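**Q** Just need the structure, nothing else, for what follows:
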Amino acid sequence: MGGPGHNNGPALEPGKGWHRHCWSQARKDLLPTLPIEIVRLRVRRAAEIGLDYRTYASIRATSGHDVIALLFSTNALRLLTQNAALPPDRRAVLSAITNTGRGVLAQSPLTPRDVLAQCATLIDHATPAPRPFDPWSQIRHGVLAGLKARNWPADQVLMIGDTAFEAEWAQAARMAGYLPAERFFAA
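**A** I've put the predicted structure just below:
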């Protein structure tokens, strides 16, 4: 038995080939093998959400839940002023998302009403974003209030943002995860 810092892996003494085999077999037995029908359903679900399968599977494995909604920041959507139009690439991706809720956190100077005017048929809900330098508890409360308005459990909502402080919003609310906008919209 190893001491502190030991990962209880195979010993490096004589017979290490057998030990390595046993260790590899034990690790393999821990990982689930999904039936092909389940994999196909999850690939289809990833496509509905607009994610590649690897990203979807890692979010699902981390959160333990399916992604039921996407929460975008106005930065991620490139809506930076009241008169800004939603860029065509963003519009195309949003319109391709099916069977998934779509919300937006409206950052100042935009209001939820401004965002709904720009994206009326492409999103389900818009709420005010947390203000810069808000305490962690206020950030959490603000994000969760927007999710509760749609009955979206935080651990089933994926945040799509464009800045480091938006990633903190996802952490504060204990959301399913955070994905940079350039990665989400690149697919």
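**Q** what's near enough to touch the residue positioned nearest the centre of the chain?
**A** For the chain, the residue nearest the mean C-alpha position is L158 (2.9 Å; CA atoms, centre = their mean). Listed by CB atoms under 8 Å, 6 or more residues apart in numbering, the contact partners of L158 are I49, I59, V67, A69, L70, L71, M175, A176, G177, Y178, L179. (Each C-beta comes from the backbone N, C-alpha and C, glycine too.)
**Q** and after the helix or strand of the chain with the lowest mean pLDDT, which helix or strand comes next?
**A** Scoring the helices and strands of the chain by mean pLDDT, DSSP states H and E places helix 16-30 at the bottom, with a mean of 78. Per DSSP states H and E, the first helix or strand lying C-terminal to helix 16-30 is helix 36-49.
**Q** Buried residues of that next one, list them for me.
**A** Buried residues in helix 36-49, counted by 16 or more other CB atoms under 10 Å: R42, R45, A46, A47, I49.
**Q** L70 belongs to a strand?
**A** Yes - with DSSP: H, G, I helix; E, B strand; the rest coil as the criterion, L70 is part of a strand.
**Q** Might one say that it is in contact with E48?
**A** No - L70 is beyond contact range of E48, at 11.0 Å (criterion: CB atoms under 8 Å).
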